[in-house]
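In: Sharing a model prediction with you, sequence too.
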Amino acid sequence: MLRTVQNIWKVEDLRKRILFTLFILLIYRIGSFVPVPNINKDALEAANQQGSDLFGLLNTFSGGALFHFSIFALGIMPYITASIIVQLLSMDVIPKFTEWQKEGENGRRKLAQVTRYGTVILGLVQAFATTIGFNRIYNQEMIIDANAATITMITIVLTAGTAFLMWLGEQINEKGIGNGISILMFAAIVSRIPQYARDIYQSEFINSDQVFLSIVKLVVILIVIILIIAGVIYVQQGVRKIPVQYAKRVVGQKMYGGQTTHIPLKVNAAGVIPVIFASSLLMFPITIANIWGSSHDWAKWISSNLNYDKPLGMVFYVLLIIGFTFFYTFVQFNPQQMADNMKKNGGYIPGIRPGKPTQGYLMKLLTRITLAGAIFLALISVLPVVFAAAANLPRSVSLGGTSLLIVIGVALETMKQIESQLIKRHYKGFINK
């Protein structure tokens, strides 16, 4: 491990990329503590002391910037939402987007530009709703002189903060290491760990008389966290390889085909996107209910029952995750298109006839693997919430499977990129071959 770290600093290009990425992350963390103008700091601090189940997950994704109501309060979520929408619309929904997706690098640049415009539009809407919602939830005390001009100014500042984060992510893509947007989310989530540790220490040691039981509880918590991380890595790396044989063809004086390859089907092909979709969809009615006010019975019922840490909300959460996992996986991997392409190129799965039988075989395998991946995503998303409730952790400690999946996924992907850079220069990396 130490030898690998030494090898990283020996490669000048890799060293510059890592230092540049760390510099960008430093800017991001400083900006997370710069408040927007016309904010009542005392009212905001009092509200933060009360905690919030509704905005806990969003606050984690923003690295605590949401509860500070800083210029980066929205985080990078509008960009992620816009990119997911553009990606889904490119799947034969908008013909122009589908055409751009097939154009290669030029088409990807056009789609990236559309995503930027979508980020600004979504940022404006979300900034306005967040500003109004926070001010109403906290009894009209958060914003000083809350008139139309002040709210407009705060909305523009929050949107500009999101646009700046989007630009920082693109700079990491060009001059840093790893995927820029993913690295920013990784940094935001990891930055909350010290605060969680302080809150747990405060509740278990400072405010508790049973120190021995607290130590035992912390040991159990660490063991469970390690087991969950190991399970996530094991499933995230899981791939079912379907062998494919290509028949030999003689064209003129050259022979083509004849090689054996495979189709990799990942157990969790959808990644963390179904969890993000499910969280956003489940949070939408709760947000509306909280903004509308607690004086209506229907708003109280929604706020009390549809949160994902409540039994009914958890059931809806699991069902949404499973449904979105199947939807997104089959959008990405089309068994019919794959079977047709194999047939055109003279490829076949050993023991399976080309055409319809191949399509049925791929559909059957993909359904089984996706079901396993969907159940895995649902368990990982729910298990930390159940565990936090069972361990009676403080409300401010917002443990979620989404955060865990993002952190582990980004860490694995960044490690692979560093690995490839070291292998190019004949250095040994992290993974033992």
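Out: In hand now; what should we look at?

In: Would you state the helices of the stretch 151-300 of the chain in chain order?
Out: Ranges of helices within the stretch 151-300 of the chain are 180-190, 193-201, 211-236, 273-292, 297-305, based on DSSP state H, counting those that start in this stretch.

In: State the mean pLDDT of the first one.
Out: So the one you mean is helix 180-190. Averaged across helix 180-190, the pLDDT comes to 86.

In: Which of the residues in that helix are classified as buried?
Out: Residues 180-190 are the ones in helix 180-190 that count as buried (16 or more other Cβ atoms under 10 Å). The C-beta positions use only the backbone N, C-alpha and C, and glycine is treated the same way.

In: and if you look at the second one?
Out: For helix 193-201, the buried set under the neighbour-count rule, 16+ other Cβ under 10 Å, comprises 196, 199-200.

In: List just the nearest of the residues you listed to Gln113.
Out: Distance to Gln113 across the buried residues of helix 193-201 (Cβ to Cβ) is lowest for Tyr196, with 38.2 Å.

In: Leu365: what's it in contact with?
Out: Going by Cβ atoms under 8 Å, 6 or more residues apart in numbering, Leu365 touches 240, 242, 265.

In: how about JSON lines for the residues you listed, with pLDDT, neighbour count and distance to Tyr328 added?
Out: Shown next, in JSON lines, are those (pLDDT from 0 to 100; neighbours: other Cβ atoms under 10 Å; distance: Cβ to Cβ, whole Å):
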{"residue": "Arg240", "pLDDT": "86", "neighbour count": "15", "distance to Tyr328": "18"}
{"residue": "Ile242", "pLDDT": "87", "neighbour count": "18", "distance to Tyr328": "20"}
{"residue": "Leu265", "pLDDT": "86", "neighbour count": "20", "distance to Tyr328": "14"}
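
In: now the residues you listed in JSON lines, with distance to Thr414?
Out: Formatted as JSON lines, the contacts of Leu365 follow (distance: Cβ to Cβ, whole Å):
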{"residue": "Arg240", "distance to Thr414": "25"}
{"residue": "Ile242", "distance to Thr414": "29"}
{"residue": "Leu265", "distance to Thr414": "24"}
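
In: and which of those residues is nearest Gln417?
Out: The shortest gap between Gln417 and any of the contacts of Leu365 belongs to Leu265, at 23.3 Å (Cβ to Cβ).

In: and the helices of the stretch 151-300 of the chain, which is most packed in?
Out: Sort those by mean neighbour count, taking mean count of other Cβ atoms under 10 Å, and helix 180-190 sits at the top with a mean of 23.

In: from the chain's centre, how far out does that helix sit?
Out: Relative to the chain's own centre, helix 180-190 is displaced by 9 Å; criterion: Cα atoms, centre = their mean, to the nearest Å.

In: Save the helices of the stretch 151-300 of the chain as JSON lines, and put in distance to Val34 too.
Out: Shown next, in JSON lines, are these (distance: least, Cβ to Cβ, whole Å):
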{"stretch": "helix 180-190", "distance to Val34": "15"}
{"stretch": "helix 193-201", "distance to Val34": "18"}
{"stretch": "helix 211-236", "distance to Val34": "32"}
{"stretch": "helix 273-292", "distance to Val34": "25"}
{"stretch": "helix 297-305", "distance to Val34": "31"}
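
In: what's the closest of those helices to Thr130?
Out: Nearest to Thr130, of all these, is helix 273-292, at 9.2 Å by Cβ to Cβ.

In: pLDDT of that closest one, averaged?
Out: Helix 273-292 comes out with an average pLDDT of 73.

In: Can I take it that Ala112 is in a helix?
Out: Yes - assessed with DSSP: H, G, I helix; E, B strand; the rest coil, Ala112 lies in a helix.

In: how far away is it from Thr162?
Out: Distance of Ala112 to Thr162, given as Cβ to Cβ, to the nearest Å: 16 Å.

In: and if you look at Ile76?
Out: 7 Å.

In: likewise Ile24?
Out: As defined by Cβ to Cβ, Ile24 lies at a distance of 15 Å from Thr162.

In: re earlier: can you tell me which of the buried residues of helix 180-190 lies nearest to Gly409?
Out: Ser182 (7.5 Å).

In: you'd agree that closest one is up against Glu413?
Out: Yes - with contacts counted by Cβ atoms under 8 Å, Ser182 reaches Glu413, the gap being 7.0 Å.

In: now the helix or strand harbouring Gly313 and helix 297-305, what's the angle there?
Out: Using DSSP states H and E, Gly313 maps to helix 311-332. Relative orientation of helix 311-332 versus helix 297-305 (axes from the mean of the first three to the mean of the last three Cα atoms, to 10 degrees): 80 degrees.

In: Which positions in helix 311-332 come out as buried?
Out: Residues of helix 311-332 classed as buried: 313-314, 316-318, 320-322, 324-330 (neighbour count, 16+ other Cβ under 10 Å).

In: and that helix, how far from the chain's centre?
Out: Per Cα atoms, centre = their mean, the displacement of helix 311-332 from the mean C-alpha position of its chain is 15 Å.

In: Output the helix or strand that it is followed by as CSV - backbone C-alpha positions only.
Out: Next along the chain after helix 311-332, taking DSSP H and E as the criterion, comes helix 335-344. What follows is helix 335-344, C-alpha atoms only, in CSV (Å, rounded to 0.1, in the frame of the first residue of the first chain):
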residue,chain,number,x,y,z
PRO,A,335,-32.1,-8.0,-25.3
GLN,A,336,-33.9,-7.8,-28.7
GLN,A,337,-31.3,-5.3,-30.1
MET,A,338,-28.4,-7.4,-28.6
ALA,A,339,-29.8,-10.6,-30.2
ASP,A,340,-30.3,-8.9,-33.6
ASN,A,341,-26.7,-7.4,-33.6
MET,A,342,-25.2,-10.8,-32.7
LYS,A,343,-27.2,-12.5,-35.5
LYS,A,344,-26.0,-9.9,-38.1
